[in-house]
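K.L.:
3D model of this:
(one chain, ligands or ions: 2)
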Amino acid sequence: MTATVPLLLHNGLLIDGRGGDPVQGGAVLVEDGLVRWAGPSSAQPPLPAGTREVDVRGNAILPGFIDCHVHMAAPGSELSLGELAVLPGSLRTLLSAPRMERTLLAGVTTARDLGGADAGHRKAVEDGLVLGPRLIVAIAMLSPTGGHGDFRSGTDDRDSDEPMTRLADGVDNCRQAVREVLRKGADCIKIAASGGVWSPTDQPDDDGFLEDEIATITEIAAGHRGKKVAAHAQGRSGIINAVRGGVASIEHGYEIDDEAIDLMLERGTFLVPTLTTAHTDPDPAKAASWAYAKKRHWQQVARRHIPHAIARGVRVAMGTDCGIADHGTNLRELGHLVEAGMTPMGAILAGTSEAAELVGMAEEIGTLEAGKRADVVVARGNPLTDISSLGSPENVLLVMKDGVAHKDTDALLG
Ligand code: ZN
Ligand code: ZN
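P.N.:
Ligands and ions are numbered 1, 2, ... in the order given. Next comes the predicted model:
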């Protein structure tokens, strides 16, 4: 279903995701779902016969963004945890469809779902049944008993039937758990390396899986065509266990310190700080008192530690944890990254080429270069002088995925 007529988007401020200076009078040539060429119009190659030329009126042309941390099956503030717990599975799935659409229309053309969306969500988008970003799915978070994926209360001895997580303890059981999610079609693996805010019986600075369990999981994932492991890790000890165990990314990383930073710089581990969620204030009417207190405390921890990690040059990829935060304004994360010390260009790279590297798709997405998939966003104005503008979906004028436009607010394409 790719557009067969070649398309030239021109008269744009081209920010191609490679980190060089933006190009005034930039253009992108799209054909058969791929970028054929991108650069200054002055260097434009001869156009294929029949090319449609589209004037983007000086607005910014960017690669489609990649959100490395979402949960399409989780509701943000749409539902309380109590309401979510009693939803039939079919409804849980159906409710994720409009969230996927909102995410795409916000400018996110690829999303890594770190728990909750299964292979069916991915296929529904691929087949055009649901409008949404291309999905990379972890299916369920692996967690130790009593860890971040265990939502039972301290007096509940029943087996966990939480669909978004898979409990495992010890190296052998971790082997089985990771093979289970791989069998179900996981593209990447998500683990709990520390406790968290919304799990009732642990704290974010409690350990989750230990290093031997994590190393076992990363080894098995790597042996399945290099699949990567993302670790929920908030307290410093959990962060260090996860990095030592060989994960590709630390999700949240709120209490990251110099020891963890040194290890991450040495190993090239990414930080996905999920500031959208960190900065979302808990609703005292909806959050349990224990969760409210944890959230308040760990917001402050994140504000103290994340800017230091950014200043020291840890690799950052954009991820929002939408699903915990509300879906559909994912690019607000770029503004938060800049508040935490990144340059606007650095934040854009975190959401494009760096994110593509983390999700293992750098050959296909993340920059506007010949041969890449034609995932293209046109956004109002110059995001390098006002990064927060990208966070408002009304400033995202055009969203193209694989060369097909799914949003064209200003009728640029006519
Ligand atoms: Zn998490
Ligand atoms: Zn999450």
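K.L.:
contacting residues around the least confident helix or strand in the chain by mean pLDDT?
P.N.:
Scoring the helices and strands of the chain by mean pLDDT, DSSP states H and E places helix 81-85 at the bottom, with a mean of 79. Helix 81-85 has contacts (Cβ atoms under 8 Å, 6 or more residues apart in numbering) with 74-75, 92, 198, 286, 288. C-beta coordinates here come from the backbone N, C-alpha and C atoms, glycine included.
K.L.:
how does it look with 10 Å?
P.N.:
Here helix 81-85 makes contact (Cβ atoms under 10 Å, 6 or more residues apart in numbering) with 73-75, 78-79, 92, 95, 151, 162, 164, 198, 200, 286-288, 291.
K.L.:
what is the most widely separated pair among these?
P.N.:
Leu95 and Pro200 (23.6 Å; Cβ to Cβ).
K.L.:
not counting residues beside it along the chain, what's closest to Gly25?
P.N.:
With Cβ to Cβ, 6 or more residues apart in numbering as the criterion, Gly25 has its nearest non-adjacent residue at 5.0 Å, and that residue is Ser41.
K.L.:
ok, that neighbour touching Leu47?
P.N.:
No: assessed by Cβ atoms under 10 Å, Ser41 is found out of contact with Leu47, at 11.1 Å.
K.L.:
one step back: pull out the buried members of the contacts of helix 81-85.
P.N.:
73-75, 79, 92, 95, 151, 162, 164, 198, 287, 291 (16 or more other Cβ atoms under 10 Å).
K.L.:
ok so Gly68 is a strand residue?
P.N.:
Residue 68: Cys, not Gly. Yes: counting by DSSP: H, G, I helix; E, B strand; the rest coil, one finds Cys68 located in a strand.
K.L.:
in contact with the residue nearest to it when sequence neighbours are not counted, which residues?
P.N.:
Leaving aside its sequence neighbours, Cys68 sits nearest to Gly319 (Cβ to Cβ, 6+ apart; 3.8 Å). By Cβ under 10 Å, 6+ apart, the contact list for Gly319 reads 66-70, 111-112, 114, 230, 249, 251-252, 270-277, 330, 333, 350-351, 355, 358.
K.L.:
the residues you listed in strands, which ones?
P.N.:
Within these, residues falling in strands by DSSP state E are 66-70, 111-112, 230, 249, 251-252, 270-272.
K.L.:
now those residues in a markdown table, with pLDDT and distance to Ile261?
P.N.:
Listed next are the ones in strands among the contacts of Gly319 as a markdown table, based on pLDDT from 0 to 100; distance: Cβ to Cβ, whole Å:
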| residue | pLDDT | distance to Ile261 |
| --- | --- | --- |
| Ile66 | 99 | 23 |
| Asp67 | 98 | 24 |
| Cys68 | 99 | 19 |
| His69 | 98 | 20 |
| Val70 | 98 | 26 |
| Ala111 | 98 | 27 |
| Arg112 | 98 | 23 |
| Ala230 | 99 | 18 |
| Ser249 | 98 | 14 |
| Glu251 | 98 | 16 |
| His252 | 98 | 15 |
| Phe270 | 99 | 12 |
| Leu271 | 98 | 9 |
| Val272 | 98 | 15 |
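K.L.:
sec struct for Arg18, please.
P.N.:
coil.
K.L.:
and His336, by the same measure?
P.N.:
Criterion first, three-state DSSP; result for His336: helix.
K.L.:
how about the helices in the stretch 101-250 of the chain?
P.N.:
119-126, 170-183, 211-222, 236-244 (DSSP state H, counting those that start in this stretch).
K.L.:
residues in contact with the residue nearest the centre of the chain?
P.N.:
Nearest to the geometric centre of the chain sits Cys68, at 1.9 Å (Cα atoms, centre = their mean). Taking Cβ under 10 Å, 6+ apart, we find Cys68 in contact with 110-114, 136, 188, 230, 248-249, 251, 270, 272, 274, 316-321, 333, 350-351, 354-356, 358-359.
K.L.:
returning to that earlier point: closest to Ala193 out of the ones in strands among the contacts of Gly319?
P.N.:
Glu251 (8.9 Å).
K.L.:
contacting residues around Arg244?
P.N.:
Per Cβ under 10 Å, 6+ apart, neighbours of Arg244: 210-212, 214-215, 260, 263, 267, 269.
K.L.:
what separates it from Gln234, distance-wise?
P.N.:
Per Cβ to Cβ, to the nearest Å, Arg244 is found 16 Å from Gln234.
K.L.:
again, but for Leu29
P.N.:
44 Å.
K.L.:
which of these two has more neighbours?
P.N.:
Using other Cβ atoms under 10 Å as the criterion, Leu29 and Gln234 rank with Gln234 on top: 31 against 24.
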